[in-house]
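Visitor: structural data only, the sequence is not supplied:
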């Protein structure tokens, strides 16, 4: 994640209609403008501000740029004839590899959702490690009470959302947390404090653990 931006002082980007910050992982975050302050890049969206390490930003692209789907391809692990693990961390890593997603990214979502606990149950009825609503689990043909199926279904949903939003990680995470309807309604990150905090928490944790 480590291409360095050569800025030592605060730099304010020119006033564009919009731009995308392209992370070294391939993910893209839409912003109206950005500032670089030493080791930190501040991305100003219409809904607020997101901070990411400058070392994690590869470049910036004008909003008009149409990029290919930004899904990071991870080489599948060589199958090993061993008993199936029930450890959530192991299952998260395996599900990420199967779905060609960075394991650290899926792990960050799982930690934000449930602290990696299959016993987690939200007041709204979301179940397990990936906090699947029963209706969502049914649509994904998964038993949310089964740890392996719960993690696999949540990871598949993350991949579908990243493809749906052309690799825009903020929209994908917002849709995972608040639903695609909320993202469509506000054309991006909804103005919900819970969702905004969730998106920032996942991105910060992913950047921290993938360097």
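Guide: Yep, that arrived. Note that this is a predicted model, so its numbers are computed, not measured. Residues are numbered from 1 along each chain as shown.
Visitor: make it CA atoms for all contacts and neighbour counts henceforth
Guide: Will do.
Visitor: what about residue 118, distance to residue 174?
Guide: Note on residue 118: its distance to residue 174, by CA to CA, to the nearest Å, is 22 Å.
Visitor: could you point out which element follows the helix or strand that residue 106 is a member of?
Guide: Per DSSP states H and E: residue 106 is located in helix 103-114. Note on helix 103-114: by DSSP H and E, the next helix or strand toward the C-terminus is helix 134-139.
Visitor: in that following helix, what's buried?
Guide: 134, 136-137 (16 or more other CA atoms under 10 Å).
Visitor: which residues touch that helix?
Guide: For helix 134-139, the surrounding residues in contact (CA atoms under 8 Å, 6 or more residues apart in numbering) are 125-127, 143-144, 150, 153.
Visitor: and of the residues you listed, the nearest to residue 28?
Guide: Nearest to residue 28 out of these is residue 153 (CA to CA; 23.4 Å).
Visitor: what segments of this structure are helices?
Guide: With DSSP state H as the criterion, the chain has helices at 88-98, 103-114, 134-139, 147-164, 169-178, 180-186, 193-209.
Visitor: how about low-confidence regions in the chain?
Guide: Where the chain drops to pLDDT under 70, the residues are 1-17, 47, 64-83, 211.
Visitor: tell me how it divides into domains.
Guide: 11-62, 88-209 (automatic domain parsing).
Visitor: right, and residue 97 touches residue 103 too?
Guide: Yes. Under the criterion of CA atoms under 8 Å, residue 97 makes contact with residue 103 at 6.7 Å.
Visitor: look at those two and report which has more neighbours.
Guide: Neighbours were counted for residue 97 and for residue 103 using other CA atoms under 10 Å; residue 103 has more, 22 against 19.
Visitor: check contacts around that one.
Guide: Listed by CA under 8 Å, 6+ apart, the contact set of residue 103 reads 92-94, 96-97.
Visitor: of those, which is the most crowded?
Guide: Neighbour tally across those (other CA under 10 Å): the maximum, 29 neighbours, falls on residue 92.
Visitor: out of the helices of the chain, nearest to residue 39?
Guide: Go through the helices of the chain one by one with CA to CA and the one that ends up closest to residue 39 is helix 193-209, at 12.9 Å.
Visitor: run the chain-centre distance for that closest one.
Guide: Remark: helix 193-209 is offset 8 Å from the chain centroid, using CA atoms, centre = their mean, to the nearest Å.
Visitor: and the helix holding residue 106 with helix 193-209, angle?
Guide: Angle, helix 103-114 to helix 193-209, by axes from the mean of the first three to the mean of the last three CA atoms, to 10 degrees: 140 degrees.
Visitor: if we can go back for a sec, ranking the domains of the chain by burial, who's on top?
Guide: Mean neighbour count, computed with mean count of other CA atoms under 10 Å, is highest for domain 88-209 among those, reaching a mean of 19.
Visitor: compute the first-to-last residue distance for it.
Guide: Taking CA to CA, domain 88-209 runs 17 Å from one end to the other.
Visitor: centre of the chain to that domain, how far?
Guide: Here the centre of domain 88-209 is set off from its chain's centre by 8 Å, with CA atoms, centre = their mean.
Visitor: ok, stretch 40-54 next?
Guide: Its chain's C-alpha centre and that of stretch 40-54 lie 15 Å apart, by CA atoms, centre = their mean.
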